[in-house]
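**Q** would you be able to build a 3D model of this:
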Amino acid sequence: MKYLRLQLLQFIFAFLSLQLFQTPAFAQNSRTQEIDKLLSEYYNSGKLQGSVLIGDDSGIIYEKGFGYANIELGVPNTPDTKFRIASLTKSFTSLLVMQEVEKGKVKLNARVTSYIPDYPSKNGSKISIHNLLSHSSGIGHYDFVPHFFQYYSFIPYNHTDFIKLFWDRPLLFEPGTKYNYSSFNYYLLGVILEKVTGESYEDLVKKRIFDRLGMKNTAVDNQRRIEKNRASGYEKTDAGFQNATYRNMSTALATGDIISTVRDLYLWDRALYSNKLLSYKSRDLMFTPNLGGYGYGWECKKLTLPDGTSSRVTSHVGNMYGFLNIITRYLDKHTVIILLCNSDKSDIYGITSQLQNILFGKPQMAKKETPAQ
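**A** Sure, this is the predicted structure:
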């Protein structure tokens, strides 16, 4: 009898220990339960596949993976899954540029030809670093280059050859007069950074940001390198998921070539409240809206929240074959919502809007207006 009791106690202890280790890293309360219920509904309706993290000054409020990092192998998404963050990369590039501005090696009003002398002067002598950072250069987006996604995006390029695809094409407008989002702007900034520093973009961002912040699961994406916990990208059709269209990542560089996790991006978010990487003056310049409400690497706006208070918001969306991401930072609340998804049909706008309602007011149906992007 004593032996049976001992076995029973051992079983109960083992069971409770297992439950303890399976408990999420966030404290269960009515708010996190509401968040979990909401996200589970999105997942069950096929509108979420990826990882979600919400955090503030107190730490991580909520983190969880939904769906699969690899559907074929049945590998689940977790807070440590690595995703292609696509255009969220631009925020890292803008900070690197501002570091060079502080060192005096780059000037915001200097022209592209100051750093790339062979850049055609008809365009390069007009476009400033400020224009590139704020998307007011007049350079078009990917459709600026005919057949880009049908042909050029599959080809491996060295960085200086890639910019020749667009450098002499007629500008859409006189630099500084309008806003037009273009990933080519930030690719060009990556090339300028390499020329100014004498280092590769990959080494530069690793040494100056990832290593300093302890972002151990973040890197410039090297398609040949084996990356533990890397998610596969999926495109969803009426027939179900299919593997994402191929893109050679040499065509992304400083505009969209980083892989990261929600946990590492939380470290990034926290660092931007300090002067560890950049002076407060330069940081605030990054978050100052220009034409189109775009700062340097961030969408910037003032938002009225459901509880009636307001906050400055900086955010960005990242969209690449099979991946759809958004980071939304509520500066005056010191709160961040991070969604990294490996399905192009994840409803990142609806999810962010409803999470915003839960965090800053009574939970309610999402409003028609989209959240800050």
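**Q** now do the helices in the stretch 201-350 of the chain.
**A** 201-205, 211-213, 262-271, 280-286, 348-359 (DSSP state H, counting those that start in this stretch).
**Q** what is the rounded mean pLDDT of the first one?
**A** The average of the pLDDT scores along helix 201-205 is 98.
**Q** check which residues of that helix are buried.
**A** 201-202, 204-205 (16 or more other C-beta atoms under 10 Å). C-betas here are computed from N, CA, C, even on glycine.
**Q** so who does Glu72 touch?
**A** Neighbouring residues of Glu72 by C-beta atoms under 8 Å, 6 or more residues apart in numbering: Ser232.
**Q** ugh, typo on my part, it should be Trp298
**A** Contacts of Trp298 (C-beta under 8 Å, 6+ apart): 91, 94, 286-287, 314-316.
**Q** phi, psi of it?
**A** In terms of degrees, to the nearest 10, the main-chain angles of Trp298 are phi -140, psi 140.
**Q** how about the nearest residue to it, chain neighbours excluded?
**A** Thr314 (4.2 Å; C-beta to C-beta, 6 or more residues apart in numbering).
**Q** how near is the residue nearest to Asn217 when sequence neighbours are not counted to Phe184?
**A** Counting by C-beta to C-beta, 6+ apart, Asn217 lies nearest to Thr261, which is 4.7 Å off, once chain neighbours are set aside. Look at Thr261 and Phe184: by C-beta to C-beta, to the nearest Å, they are 28 Å apart.
**Q** please apply the same query to Gly190.
**A** Counting by C-beta to C-beta, the gap from Gly190 to Phe184 is 11 Å.
**Q** then Thr160?
**A** From Thr160 across to Phe184, the span is 14 Å (C-beta to C-beta).
**Q** show the contacting residues for Gly50.
**A** 65-67, 77, 81, 83, 231, 324-325, 339-343, 346.
**Q** run the last query once more with 10 Å
**A** Counting by C-beta atoms under 10 Å, 6 or more residues apart in numbering, Gly50 makes contact with 43, 65-69, 77, 81, 83, 231, 262, 323-325, 338-343, 346, 348, 351.
**Q** how about Gly297?
**A** 87-98, 133-135, 186, 189, 286-287, 314, 316.
**Q** buried subset of these?
**A** Buried among the contacts of Gly297 (16+ other C-beta under 10 Å): 87-98, 133-135, 186, 189, 286-287, 314, 316.
**Q** so Ala69: helix, strand or coil?
**A** Following DSSP: H, G, I helix; E, B strand; the rest coil, Ala69 is assigned to strand.
**Q** tally of neighbours for Tyr321?
**A** A count of nearby residues for Tyr321, using other C-beta atoms under 10 Å, gives 18.
**Q** whoops, I mixed them up, Arg247
**A** By other C-beta under 10 Å, neighbour count at Arg247 equals 18.
**Q** try the one 4 residues further on
**A** By the measure other C-beta under 10 Å, the count of residues near Thr251 is 23.
**Q** just give the nearest non-adjacent residue to it, would you?
**A** Using C-beta to C-beta, 6+ apart, the closest residue to Thr251 is Ser153 (5.4 Å).
**Q** output the below-cut-off pLDDT ranges for the stretch 201-350 of the chain.
**A** Scanning the stretch 201-350 of the chain for pLDDT under 70 picks out nothing.
**Q** and the strands in it, which stretches?
**A** 219-220, 234-237, 240-243, 258-260, 299-304, 310-320, 323-330, 335-341 (DSSP state E, counting those that start in this stretch).
**Q** give the pairing partners of the shortest one; include direction for each.
**A** Just to be clear, that refers to strand 219-220. Paired strands of strand 219-220, with direction, are strand 258-260 (antiparallel) (DSSP bridges).
**Q** equivalent analysis for the last one, please.
**A** Taking DSSP bridges as the criterion, strand 335-341 pairs within the sheet with strand 50-56 (antiparallel), strand 323-330 (antiparallel).
**Q** now do that strand against strand 310-320, angle only.
**A** On the basis of axes from the mean of the first three to the mean of the last three C-alpha atoms, to 10 degrees, strand 335-341 is oriented at 10 degrees to strand 310-320.
**Q** now find how far off-centre strand 335-341 is within its chain.
**A** Its chain's C-alpha centre and that of strand 335-341 lie 9 Å apart, by C-alpha atoms, centre = their mean, to the nearest Å.
**Q** and what of the fourth one?
**A** When distances are taken as C-alpha atoms, centre = their mean, strand 258-260 is centred 8 Å away from the chain's centroid.
**Q** name the residues that touch it?
**A** With C-beta under 10 Å, 6+ apart, strand 258-260 has contacts from 81-93, 201-202, 205, 209-210, 215, 217-222, 227, 229-231, 249, 252, 264-265, 267-268, 318, 323, 325, 338, 340.
**Q** before we move on, the earlier item: who has more neighbours, Thr261 and Phe184?
**A** Between Thr261 and Phe184, Thr261 has the larger neighbour count (other C-beta under 10 Å), namely 27 against 24.
**Q** in CSV, list the buried residues of helix 201-205 along with distance to Arg111.
**A** Formatted as CSV, those follow (distance: C-beta to C-beta, whole Å):
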residue, distance to Arg111
Tyr201, 21
Glu202, 26
Leu204, 22
Val205, 24
